[in-house]
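**Q** Here's my sequence, what's the structure:
(one chain, ligands or ions: 1)
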Amino acid sequence: MTETRAGSSADIIRLGSAAKHFGAVRALDGVDFSVRSGECVGLVGHNGAGKSTLMHMVAGTLLPDSGQIAVRGGMEQNYSVPRAQKLGIRCVFQELSLCPNLSVAENTRINHPSLRGFGWRRKAADLITAKLDEIFPGHTISAADIAGDLSIGRRQMVEVARAFTVTHDPLELVILDEPTSSLDAHTAGQLLAFVRRFVASGRSCILISHLLGEVLGNADRIVVMRDGKIVAAAAADAFDRDKLVTAMGGAEARKQAEIAAGRPETVVLRVKARPARQEDGKELVAYAGQIIGLAGLAGHGQTDLLLAIFSAASRARPGVEVTAPVALVAGDRQSDGIFPQWSIAENIGIRSLARLRNGLLISPQREAELAWFWQKKIGIRTPDMNNNIFSLSGGNQQKALFARALGSDAQIVLMDDPMRGVDIGTKLEVYDLVREEASHGRTFLWYTTETEELDNCDHIYVFKNGRIVANLRRDELTEEKIIQSSFGCGLR
Ligand SMILES: Nc1ncnc2c1ncn2[C@@H]1O[C@H](COP(=O)(O)OP(=O)(O)OP(=O)(O)O)[C@@H](O)[C@H]1O
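**A** Numbers count the residues shown, from 1 in each chain. Presented below is the predicted three-dimensional model:
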C-alpha cells in the first residue's frame, strides 16, 4: 500500500440522496453516505433500519430508485456489480453465498476468473489458505473441504477470507455485514484485529454489527440508521454504548434485569443428554423452568448435542432422554430454519398446526391471529405478515423463527445461537421473554457465542472437542473461566 493512498482523503464511494422502496416499504429515504480511504466505518441501526439495502447499493447489487453514486469523485452512470468489482469494492453479506457442493478452493475460484488453466485448483487453494492463515491463525479449515460440510462459523470464516483475496482486480473497500455473527469470541477477535491492520494499510471497511462494543472498539467513524434514514454520524470516540442505543431509537440502554438468581429449581426432569464422544459420564441435565447455557469455542459439539436432543423427541436415541415436546430455533436460518416459499405468518404457524386446525384444514384466521400476536410481541417489522418471509430484513427473519418456537406448545426450547443479527433492543426483549417463559415452567437450552448472553442462564456447560468439560453455575461464570475451560482442561 502506498503512502499517497493511505494519506488520501478522497472518497472511495459517495451516495447522495439515495432512496429505495420495496412495495409499500420505504427502505431508504434519501441517504447521504460516503467512505474514505483508510477508514473503518461502523454502521448500526435496528433490524430493518436499511443497513443491508444501503450496502447493496455500495456493492452494486441494488440500484437506488433515485439518487447519485460517485466513485473517487466521478459520477457513475451505470453502477453495477462488475463495476464495483473492477473498482475493488467487495462485500460479505449476512446470507452466506458459498456454493455448498463445491470445495473451499473451488468457491474461491468463482471470485477469481483469472485463476484458470493447468493447476488452477492448486493456485486457488494456496490463495485461500494463505488468507485464512493471515486472518485466522490456527484455523483448521482445508481448501479441499466441501463448503456444505463446514459449520456455519467456518463457512463465515471462508466467506470473509475469500473477500480479502486478491488476484487481478484491486482491493479498496470490503463491506462486512455482521461478519462475526457466527464466530466465537476468539475467532471474532482475530477478524477484528485483521480489519484494523487492513485499514491501517490505507484500505477501507464498512463494519455492520449489532454488537455495539465491536463497532465502538474498531470503527473510526460511526453512522447510525433509523427507519431508512441516517440519524447520526460522527467519529467513533464521540459515541458510547448509551448514545448509540439512544440514536438507534431502540429500547433504553437498560441493564439486564436480575435474572435467574433466586428462581427455585424444580424437580421435573426435562432433558438428560450425554454427548456422543463423552467418556467420563458427564451429561447435561435440565429441569422444568431452567435456562441452560451451552458455551465454548464454536463448533465444539454444542449444536450436535442440541440436534441429538431434537431428534430424540421423535425417536429414541442412546444417551438422550427427553420428556416433553421440543422446538428448535436454528441459528443457520438459511439451511435449517426458513421455508422460503412461504409467508411470514405460515413460517410462524408451522410448529402450531394442531392448534391452528379447524377440522382438517388450517384456519387462516387462527394463523393470522397467531402471527399478529407475535408481530406485536417482538416487533416484526413488516406492513403485512402475508408477505414472503424473505421480504423481511435478516434480523426480522430471525425474530419470526423465535415466534415459531415460543408460539408452539413445546415445553423444551432449543436455541442454536439464535440471536445472530437481532438488534440490541429486541435482544433485551427476547431475554425478558425467555426468562418469563422459564418462570412458567418452560426449559431452554441455549447455545450462544456471546458470553454476555450466558448471564441469563442458571447453569452453563462448556464444550470442548465434542465433550462437556465444565459445568458452571451462573454465579461462578466469568469469561476467563469459559476461555480457560475451552482451551485448557476442565474445571470440574
Ligand atoms: N427484497 C425485499 N423485498 C421487500 N422488502 C424488503 C426487501 N429487502 C429489504 N426489504 C425491507 O426493507 C427494509 C430495510 O431492510 P434491510 O435489510 O436493509 O434492514 P437492515 O437494517 O439491514 O436490518 P437487519 O439488521 O435486520 O439486517 C425492511 O423493512 C425490509 O423488510
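**Q** rest of the way, CA atoms for contacts and neighbours
**A** Noted.
**Q** Distance check, the residue lying closest to residue 239 once chain neighbours are set aside against residue 191.
**A** Take residue 239 and drop its neighbours on the chain: the residue closest to it by C-alpha to C-alpha, 6 or more residues apart in numbering is residue 216, 7.5 Å away. If you measure residue 216 against residue 191 using C-alpha to C-alpha, to the nearest Å, the figure is 15 Å.
**Q** Residue 179 reaches residue 160, doesn't it?
**A** Yes: taking contacts as C-alpha atoms under 8 Å, residue 179 lies within contact range of residue 160: 7.2 Å.
**Q** Identify the contacts common to those two.
**A** Applying C-alpha atoms under 8 Å, 6 or more residues apart in numbering, one finds that residue 179 and residue 160 are jointly contacted by residue 92.
**Q** sorry, back to before: quick one, phi/psi of the residue nearest to residue 239?
**A** The phi/psi pair for residue 216 (degrees, to the nearest 10) reads phi -60, psi -40.
**Q** do the same with residue 467
**A** Backbone geometry at residue 467, expressed as degrees, to the nearest 10, gives phi -130, psi 160.
**Q** For it, give the beta-bridge partners.
**A** Taking DSSP bridges as the rule, residue 467 bridges to residue 464.
**Q** ok, now which ones touch it?
**A** Counting by C-alpha under 8 Å, 6+ apart, residue 467 touches 275-278, 300-301.
**Q** With neighbour count, pLDDT and distance to residue 445 as added columns, please give those residues in a markdown table.
**A** Converted to a markdown table, the contacts of residue 467 look like this (neighbours: other C-alpha atoms under 10 Å; pLDDT from 0 to 100; distance: C-alpha to C-alpha, whole Å):
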| residue | neighbour count | pLDDT | distance to residue 445 |
| --- | --- | --- | --- |
| 275 | 23 | 90 | 14 |
| 276 | 15 | 87 | 17 |
| 277 | 11 | 86 | 19 |
| 278 | 15 | 85 | 18 |
| 300 | 18 | 86 | 16 |
| 301 | 23 | 89 | 14 |
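**Q** nearest to residue 107, of those?
**A** Distances from residue 107 to these, taken as C-alpha to C-alpha, are shortest for residue 300 (24.8 Å).
**Q** Restricted to helices, list the contacts of residue 467.
**A** In helices, judged by DSSP state H, none of the contacts of residue 467 are found.
**Q** what residues does the stretch 1-150 of the chain put near the ligand?
**A** 22, 25, 27, 45-53 (C-alpha under 6 Å from any ligand atom).
**Q** Regarding the closest residue to residue 147 other than its chain neighbours, what is its secondary structure?
**A** Residue nearest to residue 147 in three dimensions, not counting chain neighbours: residue 100, with 4.8 Å by C-alpha to C-alpha, 6+ apart. Each residue gets one of three states, and residue 100 gets coil by DSSP: H, G, I helix; E, B strand; the rest coil.
**Q** And the pLDDT at residue 100?
**A** Here, the pLDDT recorded for residue 100 equals 89.
**Q** before we move on, what about the one 10 residues further on?
**A** Per-residue confidence for residue 110 comes out at a pLDDT of 85.
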